[in-house]
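Novice: sequence first, predicted coordinates after that:
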Amino acid sequence: MAKDKDLKGKNISELGDILRRTREERGLSLDNVAKDTKIPRSHLLAIESGEMDRLPGRIFARFFIKEYLSYLGLSELWSQYDSFLPMDEQVEISSVLGTYTPPPKGFKATSRWWIYAVLILLLGASGGLLYLRREHVIDIIKQPRNVVSVETEVGTNASPEDFLAVINGFEDNQEQSIIVERHDEEDVSLQATLPHVEDGEAMKAQEKEKEETAKEISKILEIKASRGRCWMRVSRGDEKIYEGTLQRNETKTFETTGEPIKVRFGNVAAVDVTWMGTKADMPKGSVVTVLYQADGKVVKAD
């Protein structure tokens, strides 16, 4: 039908109308054409109505129109559409399909030369340090050990108690390496490292001195204004060592070696007192005087 007509001078809408009438004469719906040509129904409707601006770009419009004309057997109309949809000479197919980049031929492994360089530097530094300390290392290796043969001291038939007595009798200012040798049926050699053993009386005197020192150190009076401000005057023997007002959460510490500490509190309910490491019970009242004795006793002096 369209081939017998003069198709010259048709506008884009008239050409679309020819496509629509041809489709309808063949009893085809837009859904049928879309299914056969894979062209979306909305694009077919835009072509038949001559609304080219509804198509996704000049390249796709030309492609869909060519497909639709070929499907309807109206390829002779393409020259008319070609004049309405000219293709810019600079447009290439790469604008649609994108630029093809061939895949890389292979993956080049990262060089690991720097790892070996670091290892060589570490080995060189270790060797240099060992060389600089060589004399100290040699002295440690050549350091003699104090070897004592217990068998020489107690004889070959000594009892285990005799062996222990001899071992405990050795004294030195450094650790001693003592080799205990007994030639019995199995010819067993025993080695033990024992610390320096001091005389029993000397150890007792040292422990007593430590106890006395601990007692002297522990004679510390700590006063903290936990619940408010408190005025106080502190004396050690006949000497006044402090007089002032403790602010809230402020703490004062006083020490003594033998003389008692006397404290006059202006607000005793506001403070917490620790004497010789133990929290002391505070007397009742507001303004009180308390005596903290060297034997640990706490006495109200009012």
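Specialist: That came through fine.
Novice: got any ranges where the stretch 101-250 of the chain has weak pLDDT?
Specialist: Residues of the stretch 101-250 of the chain meeting the criterion pLDDT under 70: 101-110, 137, 142-199, 212-218.
Novice: ends of stretch 39-59, what's the gap?
Specialist: Distance between the two ends of stretch 39-59: 14 Å, counting by Cα to Cα, to the nearest Å.
Novice: and the average pLDDT for it is what?
Specialist: Per-residue pLDDT over stretch 39-59 has a mean of 89.
Novice: any buried residues in that stretch, and which?
Specialist: 39, 43-44, 46-48, 50, 52, 55, 59 (16 or more other Cβ atoms under 10 Å). The C-beta positions use only the backbone N, C-alpha and C, and glycine is treated the same way.
Novice: go on, stretch 11-22?
Specialist: Result for stretch 11-22 [16+ other Cβ under 10 Å]: buried residues 12, 15-16, 18-20, 22.
Novice: now do stretch 69-82
Specialist: 69, 71-72, 74, 77, 80-81.
Novice: out of the residues you listed, what pair is the most spread apart?
Specialist: For those, the farthest-apart pair by Cβ to Cβ is Tyr71 and Gln80; their separation is 16.9 Å.
Novice: show me which pair in the buried residues of stretch 39-59 is furthest apart.
Specialist: Glu48 and Ile59 (19.9 Å).
Novice: all the helices of the protein, residue numbers only.
Specialist: Ranges of helices within the chain are 12-25, 30-37, 41-49, 58-72, 78-84, 94-97, 113-132, 134-142, 150-154, 160-169, 200-217, based on DSSP state H.
Novice: can I get those helices in a markdown table with distance to Glu243?
Specialist: Shown next, in a markdown table, are the helices of the chain (distance: least, Cβ to Cβ, whole Å):
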| stretch | distance to Glu243 |
| --- | --- |
| helix 12-25 | 110 |
| helix 30-37 | 105 |
| helix 41-49 | 100 |
| helix 58-72 | 100 |
| helix 78-84 | 110 |
| helix 94-97 | 96 |
| helix 113-132 | 62 |
| helix 134-142 | 60 |
| helix 150-154 | 69 |
| helix 160-169 | 59 |
| helix 200-217 | 26 |
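Novice: what's the neighbour count on the residue nearest to Leu44 when sequence neighbours are not counted?
Specialist: In this structure, Leu44 finds its nearest non-sequential neighbour in Leu30, 5.2 Å apart by Cβ to Cβ, 6 or more residues apart in numbering. For Leu30, the count of nearby residues is 17 (other Cβ atoms under 10 Å).
Novice: pLDDT score assigned to Leu30?
Specialist: pLDDT, Leu30: 90.
Novice: ok, it - contacts?
Specialist: Counting by Cβ atoms under 8 Å, 6 or more residues apart in numbering, Leu30 touches 23, 41, 44-45.
Novice: can you check Val273 too?
Specialist: 221-224, 263, 279-280, 282, 290.
Novice: between the buried residues of stretch 11-22, which is closest to Ile120?
Specialist: Using Cβ to Cβ, the buried residues of stretch 11-22 come closest to Ile120 at Ile12, 78.2 Å.
Novice: if we can go back for a sec, farthest-apart pair in the contacts of Leu30, please.
Specialist: Top of the distance list for those (Cβ to Cβ): Arg23 and Arg41, 12.2 Å.
Novice: follow-up on the earlier one: redo the contacts of Leu30 as CSV? Include distance to Asp295.
Specialist: Formatted as CSV, the contacts of Leu30 follow (distance: Cβ to Cβ, whole Å):
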residue, distance to Asp295
Arg23, 121
Arg41, 109
Leu44, 113
Leu45, 112
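Novice: now, which of those residues sits nearest Ile241?
Specialist: Closest approach to Ile241 among the contacts of Leu30 (Cβ to Cβ): Arg41, at 104.0 Å.
Novice: ok, the contacts of Leu30 vs Leu130, which is closest?
Specialist: Arg41 (85.1 Å).
Novice: surely the closest one and Ala34 touch.
Specialist: Yes - counting by Cβ atoms under 8 Å, Ala34 is a contact partner of Arg41 at 4.5 Å.
Novice: nice, that's everything, thank you.
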